[in-house]
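In: test case, fold it:
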Amino acid sequence: EEHLDADAVIVAVPAAQAGPLLAGVPGTGQATAALAEIPHAGSVIVTLAFPRTALDALRPLGHSGYRVPAVDGRAMKVVTFSTMKWPHLAGEVDIVRCQGGGSGAEDLLGRDDADLVALAAA
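Out: Sure, this is the predicted structure:
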C-alpha cells in the first residue's frame, strides 16, 4: 500500500462520481454530501464529416458555430464548425460537431447512432 502526503487533491470527474471516490476519506464527509446534491445530466456528441466545400459560404463570416435556442425544439443545442474553429483539423472534409441532451433532454442518451446522426443532420 502506497501513502502520499498532499496539501490538496484535485478530483476531476463529474460530481456523481466524485462523491463515491471520496467516501470514507477522512475530512471529506461535508464535501461528499455536497457533491451528492449537485444535479447533473448527460449529453450526446455527434461528429459529422462533409465535403470540404460544405462550409465555404460560412468561412467569410469567421464564425465557429452557434447555439440553438430551446424554443426551436431541436435535439442538438450546440453546433461547432470544428475545422473553422481549429484550422489544423482541415483536410479533405469539413468536420461539424453537434451536442444535444442535457437537463430535460435525457431521452437522447438511449437513442441509437443512426437516430442521433439523423437528428444532428436535420
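In: chain neighbours aside, what residue packs nearest to residue 13?
Out: Spatial nearest neighbour of residue 13, excluding adjacent residues (CB to CB, 6 or more residues apart in numbering): residue 21 at 6.8 Å. Placement of C-beta: from N, CA and C, glycine included.
In: identify all contacting residues around the strand or helix carrying that neighbour.
Out: If you go by DSSP states H and E, residue 21 is part of helix 15-22. Helix 15-22 is touched from outside by 11, 13, 28, 31-33, 35-36, 38, 40, with contacts defined as CB atoms under 8 Å, 6 or more residues apart in numbering.
In: helices of this structure, start to end?
Out: Assigned by DSSP state H, the chain shows helices spanning 15-22, 29-36, 82-85, 113-121.
In: domain-wise, how is the protein divided?
Out: The chain is divided into the following domains under automatic domain parsing: 1-40, 43-121.
In: that older thread, just the buried residues of the contacts of helix 15-22.
Out: With burial judged by 16 or more other CB atoms under 10 Å, the buried subset of these is 28, 32, 35.
In: including pLDDT, could those go into JSON lines?
Out: Below are those laid out as JSON lines (pLDDT from 0 to 100):
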{"residue": "28", "pLDDT": "86"}
{"residue": "32", "pLDDT": "88"}
{"residue": "35", "pLDDT": "89"}
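In: now flag whichever of those is closest to residue 7.
Out: residue 28 (14.6 Å; CB to CB).
In: dump the helices of the chain to JSON lines, plus distance to residue 57.
Out: Shown next, in JSON lines, are these (distance: least, CB to CB, whole Å):
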{"stretch": "helix 15-22", "distance to residue 57": "41"}
{"stretch": "helix 29-36", "distance to residue 57": "46"}
{"stretch": "helix 82-85", "distance to residue 57": "12"}
{"stretch": "helix 113-121", "distance to residue 57": "17"}
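In: chain center to the helix holding residue 21: distance?
Out: 19 Å (CA atoms, centre = their mean, to the nearest Å).
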